[in-house]
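Visitor: Sharing a model prediction with you, sequence too.
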Amino acid sequence: MGFLDDPVTADFASRNELEEEEEAAIINEFSKQYKLDAANRSPGTLLILTGPAASLTLDAAFGPTQQVGSVSVPELCRLRSPLQEELGVEQNPPHIFTLLKPDDNSSTLIATSRRPLPAEQASLWAETVIAEVAPSSTFIVSSILSMEYRGPGDAAEDNLIFKLQNTKAIQDEKENSKHVASLPEGTLLAGIPAAVLEVCEDGNRPATALVAVESSPVPEVSLVSALADAVCIFLGRKKVDAAGKVAVAAAVDGVYQSSASNSMFI
């Protein structure tokens, strides 16, 4: 606004524009602290497991794994307490994705975290990880709650698992995974799955999201087992065996016990 501008007709930044500028400044500060520590670059496949249900498929689908690095990002809180305002972004606890390699020497790098990354950080996460790791193909495994789902079926009665692919993945899709239904229109993805699909689309890299629909926030054994089977199908691995299903049941039981323990203090 110039000194001679009419205060009635002059253009002022809207509240949304000001909020976007503030958010961009915070993201810029946050990006300087982003750290990717990986011992393996350019794997054949990058598999991203985000959220409780997805992370619980790890042992069933792959068996033993070795940690080879991590993706560490500071937690970025949009609603800040007075303490967080005083400490600033640098002092917030980090959000860690663990990087793993299967013991069977497959050309897969796995990035897993049981806590979903806040949606406003997903784009930078996707851009950084895809650029640094440079995979030939990417699979993202995640879940949504039934209230976010728009399509046929009932998550309380059926294991609902869908795929969402970018253009390159559709072109390259193998026959054994074509029977997995596509995510119904009207069901929207956010966070890392959406961000990774977009980054890979822009870079002409194949990317597929596998999405499970959960009837409750705590994962169920049958759904996690079915999701692990879907991961194996897309990666060309053997489906989960009896030992794998036992591992899933034990892992899910651990989540239930943890949830019950935490609820005692609510």
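Guide: Nice, thanks for sending it over.

Visitor: D104: how many residues sit nearby?
Guide: Neighbours of D104 under the rule other Cβ atoms under 10 Å: 11. (C-beta placed from N, C-alpha, C; glycine too.)

Visitor: is it true that it touches G63?
Guide: Yes. Applying Cβ atoms under 8 Å as the test, D104 and G63 come out as touching, 7.2 Å apart.

Visitor: in this protein, which ranges drop under the pLDDT threshold?
Guide: By pLDDT under 70, the weakly predicted segments of the chain are 1-20, 22-42, 74-94, 256-266.

Visitor: let's see it at 80
Guide: The model of the chain has pLDDT under 80 over residues 1-43, 72-95, 105-106, 176, 244, 253-266.

Visitor: can you pull out the helices in it?
Guide: Listed in chain order, the helices of the chain (DSSP state H) span 15-31, 52-55, 58-62, 82-87, 122-133, 167-172, 191-202, 221-235, 242-263.

Visitor: Quick one: residues in contact with the shortest one.
Guide: Read that as helix 52-55. Outside helix 52-55, the residues that touch it by Cβ atoms under 8 Å, 6 or more residues apart in numbering are 49, 112-114, 141-143, 212, 214, 218-219, 223-224, 227, 255.

Visitor: What of the third one?
Guide: Applying Cβ under 8 Å, 6+ apart, the contact partners of helix 58-62 are 49, 65, 100, 102, 104, 108, 110, 112, 224-225, 228, 231-232, 235, 237, 240, 244-245, 247-248, 251.

Visitor: can we see that at 7 Å?
Guide: Outside helix 58-62, the residues that touch it by Cβ atoms under 7 Å, 6 or more residues apart in numbering are 49, 65, 102, 110, 112, 225, 228, 231-232, 237, 240, 244-245, 247-248, 251.

Visitor: Closest one to I130 out of the residues you listed, please.
Guide: Using Cβ to Cβ, I110 is the member of these that lies nearest I130, at 14.8 Å.

Visitor: show me what contacts the nearest residue to the closest one once chain neighbours are set aside?
Guide: Nearest non-adjacent residue to I110, counting by Cβ to Cβ, 6 or more residues apart in numbering: L100, 4.3 Å away. Applying Cβ under 7 Å, 6+ apart to L100 gives the contacts T65, Q66, Q67, V68, I110, T112.

Visitor: export the residues you listed to a markdown table and tack on neighbour count?
Guide: Listed next are the contacts of L100 as a markdown table, based on neighbours: other Cβ atoms under 10 Å:
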| residue | neighbour count |
| --- | --- |
| T65 | 18 |
| Q66 | 10 |
| Q67 | 11 |
| V68 | 16 |
| I110 | 26 |
| T112 | 21 |
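
Visitor: what's the most distant pair in these?
Guide: Spatially, the most separated pair among the contacts of L100 is Q66 and T112, at 13.0 Å (Cβ to Cβ).

Visitor: Could you list the residues in contact with stretch 177-196?
Guide: For stretch 177-196, contacts defined as Cβ under 7 Å, 6+ apart pick out 48, 50, 116-117, 119, 122-123, 125-126, 130, 138, 140, 142, 148-151, 161-164, 207, 209, 211, 230, 233-234.
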